[in-house]
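> attaching a predicted model along with its sequence, questions to come.
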Amino acid sequence: MSLRSLPLMLIAFILYNVVVLMGGGSADNVYGLRQEIFSLPSVRGATHWSFSWGDLLILVSLFLLFIELVKATYTSTASLLDHGLSMLVFIACLIEFLLVDQAFTSVFFTIMIITLIDVIAGYTIGIRVARRDIGFGSGDM
């Protein structure tokens, strides 16, 4: 099994659990997700834009989704394994969202939806690429 067959959304899933379950936040602070990493003043200077741990997790998840979509354009046995493991990551996210209080947040819900998009897009792109490679439905016969 190569590293290319591992779903990168697993990194986002693990990062969320590290930040929330081991971060030591309280329920009022949404388990540390609202803890500010940095803030920048606006041009007018009246307000600040704050960047929290939850924002970072969503940003990392979106970046990993982009890489997963690029990986889905390759056809190999590693990509089939990647799609299957991505489905398992989504199922793990769904179970955690339903059963763990710390995962019942909008940040984790967004990560879970990103993993669902990864699963659906991976299979869809994989089928389209396989059709192109094999030549099914091309109408050139």
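On my side now, so go ahead.
> who are the packing partners of the longest helix along the chain?
Secondary structure assigned by DSSP state H gives helix 106-134 as the longest helix of the chain. The contact analysis (3 or more Cβ pairs under 8 Å, 6 or more residues apart in numbering; DSSP states H and E) places helix 106-134 against helix 9-21, helix 53-71, helix 77-99. From N, CA and C alone the C-beta is placed, and that goes for glycine too.
> next, the buried residues of that helix.
Under the neighbour-count criterion of 16 or more other Cβ atoms under 10 Å, helix 106-134 has 107-108, 110-112, 114-119, 121-123, 125-126 buried.
> taking helix 53-71 as reference, get the angle to it.
On the basis of axes from the mean of the first three to the mean of the last three Cα atoms, to 10 degrees, helix 106-134 is oriented at 10 degrees to helix 53-71.
> and the average pLDDT for helix 106-134 is what?
Averaging pLDDT along helix 106-134 yields 86.
> chain center to it, what's the gap?
Offset of helix 106-134 from its chain centre (Cα atoms, centre = their mean, to the nearest Å): 11 Å.
> show me what contacts Phe104?
If you count contacts by Cβ atoms under 8 Å, 6 or more residues apart in numbering, Phe104 has them with Phe97.
> how close does it sit to Ser86?
For Phe104, the distance to Ser86 equals 22 Å [Cβ to Cβ, to the nearest Å].
> Cys93 and Met112, how far apart?
For Cys93, the distance to Met112 - Cβ to Cβ - is 4 Å.
> again but with Leu10, I slipped
Distance of Leu10 to Met112, given as Cβ to Cβ: 13 Å.
> go on, Leu6?
Distance from Leu6 to Met112, by Cβ to Cβ: 19 Å.
> most tightly packed of the helices and strands packed on helix 106-134?
Highest mean neighbour count of those: helix 9-21, a mean of 19 (counted as mean count of other Cβ atoms under 10 Å).
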